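Colleague: What would the 3D arrangement of this be:
(2 chains)
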Amino acid sequence: MGDPPAIEAIDLVKEFGEQRAVDGVSFSVPQGTVLGLLGPNGAGKTTTVRMMTTLTVPTSGTARVAGHDVVREPAAVRRSMGLTGQAATVDELLTGRENLRLIGALYGLSATYMRRATEDLLERFSLVEAGNKVVKEYSGGMRRRLDLAVSLVATPPVLFLDEPTTGLDPRSRVELWDVLRELVDGGTTLLLTTQYLEEADQLADRIVVIDQGNVIAEGTPLQLKDSSGAAAVVVTVSHAADLGSAEAVIRSVVPEVHVEPNARQLTAPADGLADMTRIAVAFEGTGIELDDLGLKRPTLDDVFLRLTGHRAEEPEAEIEEAVS
Amino acid sequence: MTTLARPEIRDIGLLRQSLVIARRNLIHIKRMPEMLMDVTVQPVMFVLLFAYVFGGSIAANAPAGYREWLLPGIMGQTIAFASFIVAVGLTADIDKGIVDRMRSLPIHPASVLVGRSMSSLLHSMIGIVVMSLTGLIVGWRIRGSVLDAVLAYLLILLWGFAMIWLGILVGSAMRSVEAVNGVMFTTMFPITFLANTFAPAENMPGWLRHIAEWNPISSLVQAVRELWGNTTPVSSDAALPLQHPVLSTVIWTLGITAVIAPLALRSFQRRTRD
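Modeller: All right, here's what the predicted structure looks like:
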């Protein structure tokens, strides 16, 4: 546990003219873990990643990747990390294999290694059959997978992913998550930016929430959700006529119940699984038919809304009614 | 599934890194041969148009006729468009994030530009070969010594080198391939015509003749024409650069490079570093 962090940012600042895109961001990522950098469009996520990957120089502050300073030792940083940018930066007119070989050649990797690595990566990313096809003919998901494969050619210990699943359909997204989990299991340290709360929830060990260039919250997904308020037991009755008696049953266990007649739903703030079990037991033998009974934890979306006052995925002028 | 051990990353140096990138650019041409139209179909079309459609009405100072006089002019235009080729390729790479990808690798920062320059120069030289062959078919001949002939080709190559910097400048400054096309068409096209490329400058109105004769492209074209024996030396009232075309071509290329190269590098860095 005494290992130095794989990625470290200390008070990073980036100014573009008058504007402060990143305004004092600090975090550290222990080896072999995943940090999710969560924030809305324009929060400063990409600029932060660009500073960490030596693409742009910080106005002030420092950052280290695998122990190397991004400003003083950019070459060492580039040797220790892979980057997958926001848009798939694979070459459309090259085949999948050619794309991998191009990057391998620039890394100066041996031919023997590259032959093995090319086949291994194509297999791992389900691109064996498409390997000799020009990337132009790939689907969005295939491009993303190839993009990630290209970043892994030199098997870097640290990987930066800037919105890796933006624009992917749900199935491709889940497939990519699986691949990322395998990488982390193999010991890779991951920093990923995302606008999708679910993605951070699924992959990240720790989450740093940034908005307008500032870190506004940090913690494990569970900590962030807990900070946003307690869980609730939600009961849905099959027949609206039972709402009254169901309310009485729940009140016998917990003091507070909210009834939503239209949804045939009753919501009770609860401590957790213990309360839910007691409520479930209380319904036994009452003859009340239930559609559903479950524990609802606050989502990261709720967390985000509470922290920033706006949703992560910008709403379409939809007014969401607050459920208290 | 096996996890690969970390391989040894080796610095293969600027030259080999640039060659790898140039090779990748050439694969683009292999996959999309229509990219070569700008140095094949287009100049051949110009040769045919000017040689057969306009040629009869243009009085040129040429011992062996207009067609022979015309060819170095079209070569001058073709090599000036090398800037176009560099700019289009560079803008596309910046726009698609390829340059960022390269910059995140442990390679020499100049290799993207050097590789792009190598492949673009080769692209243009294909055009020069096509032009030479087309010329031979329509009656163009080299009438000077072998040494002079080689010197003429070297001047064309040197000119292409200067044009690369212009291409890097425009390619870094423009935000899209469409913008590059727009800017280059509205500037390079008139500039290559406002010279002695297609019609002798002597026949132009005084002020225009002045501009045309001081146009750097005129020096190149005059130098190549004289070295290949496709023209007679200019009249004594022509502008100074045309009196010494070889020397002035060298001075022009060095001058253009000295002015534009620093601007181009700064523009490229500014574009890619933020």
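Colleague: residues from chain B in reach of chain A?
Modeller: Applying C-beta under 8 Å from any C-beta of the partner chain, we find that chain B lies next to chain A at B:1-12, B:17, B:20-21, B:24, B:27-28, B:31-32, B:96-98, B:100-107, B:111, B:272-274. Placement of C-beta: from N, CA and C, glycine included.
Colleague: rerun that using 7 Å as the cut-off
Modeller: Contact residues (C-beta under 7 Å from any C-beta of the partner chain) of chain B with chain A: B:1-4, B:6-7, B:9-12, B:17, B:20, B:24, B:27-28, B:31-32, B:96-98, B:100-101, B:103-107, B:273-274.
Colleague: Any of these buried? List them.
Modeller: With burial judged by 16 or more other C-beta atoms under 10 Å in any protein chain shown, the buried subset of the residues of chain B next to chain A is B:4, B:7, B:9, B:12, B:17, B:20, B:24, B:27-28, B:31, B:96-98, B:100-101, B:103-107.
Colleague: From these, which land in helices?
Modeller: The helices, defined by DSSP state H, take in B:17, B:20, B:24, B:27, B:28, B:31, B:98, B:100, B:101, B:103 from these.
Colleague: mind listing what the second one touches?
Modeller: The contact partners of residue B:20, by C-beta atoms under 7 Å, 6 or more residues apart in numbering or on different chains, come to A:102, A:105, A:106.
Colleague: Residue B:118 versus that one, what's the distance?
Modeller: Distance of residue B:20 to residue B:118, computed by C-beta to C-beta, to the nearest Å: 11 Å.
Colleague: now swap in residue A:167 and tell me
Modeller: If you measure residue A:167 against residue B:118 using C-beta to C-beta, the figure is 34 Å.
Colleague: who's more crowded, the two?
Modeller: Applying other C-beta atoms under 10 Å in any protein chain shown to residue A:167 and residue B:118 shows that residue B:118 carries more neighbours, namely 19 against 14.
Colleague: Could you count how many residues lie near residue B:262?
Modeller: When neighbours are counted by other C-beta under 10 Å, residue B:262 registers 12.
Colleague: pretty sure it is in a helix, no?
Modeller: Yes. Per DSSP: H, G, I helix; E, B strand; the rest coil, residue B:262 lies within a helix segment.
Colleague: in chain B, which helix or strand is least confident?
Modeller: Lowest by mean pLDDT, DSSP states H and E among the helices and strands of chain B is helix B:240-243, with a mean of 87.
Colleague: List the contacts of that one.
Modeller: Here helix B:240-243 makes contact (C-beta under 7 Å, 6+ apart) with B:213, B:214, B:218, B:219, B:222, B:234, B:248.
Colleague: Any buried residues in stretch B:252-264, and which?
Modeller: Buried residues in stretch B:252-264 (16+ other C-beta under 10 Å): B:252, B:253, B:256, B:257, B:260, B:261, B:264.
Colleague: Restricting to C-alpha, output that stretch in PDB.
Modeller: The C-alpha trace of stretch B:252-264 is given here as PDB (Å, rounded to 0.1, in the frame of the first residue of the first chain):
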ATOM      1  CA  TRP B 252      13.100  33.600 -53.200                       C
ATOM      2  CA  THR B 253      12.800  30.100 -51.700                       C
ATOM      3  CA  LEU B 254      15.200  30.800 -48.900                       C
ATOM      4  CA  GLY B 255      13.500  34.100 -48.200                       C
ATOM      5  CA  ILE B 256      10.000  32.500 -48.200                       C
ATOM      6  CA  THR B 257      11.200  29.700 -45.900                       C
ATOM      7  CA  ALA B 258      12.900  32.200 -43.600                       C
ATOM      8  CA  VAL B 259       9.800  34.200 -43.200                       C
ATOM      9  CA  ILE B 260       7.100  31.600 -43.200                       C
ATOM     10  CA  ALA B 261       8.800  28.600 -41.400                       C
ATOM     11  CA  PRO B 262       8.800  30.300 -38.000                       C
ATOM     12  CA  LEU B 263       5.200  31.500 -38.400                       C
ATOM     13  CA  ALA B 264       4.200  28.100 -39.500                       C
END
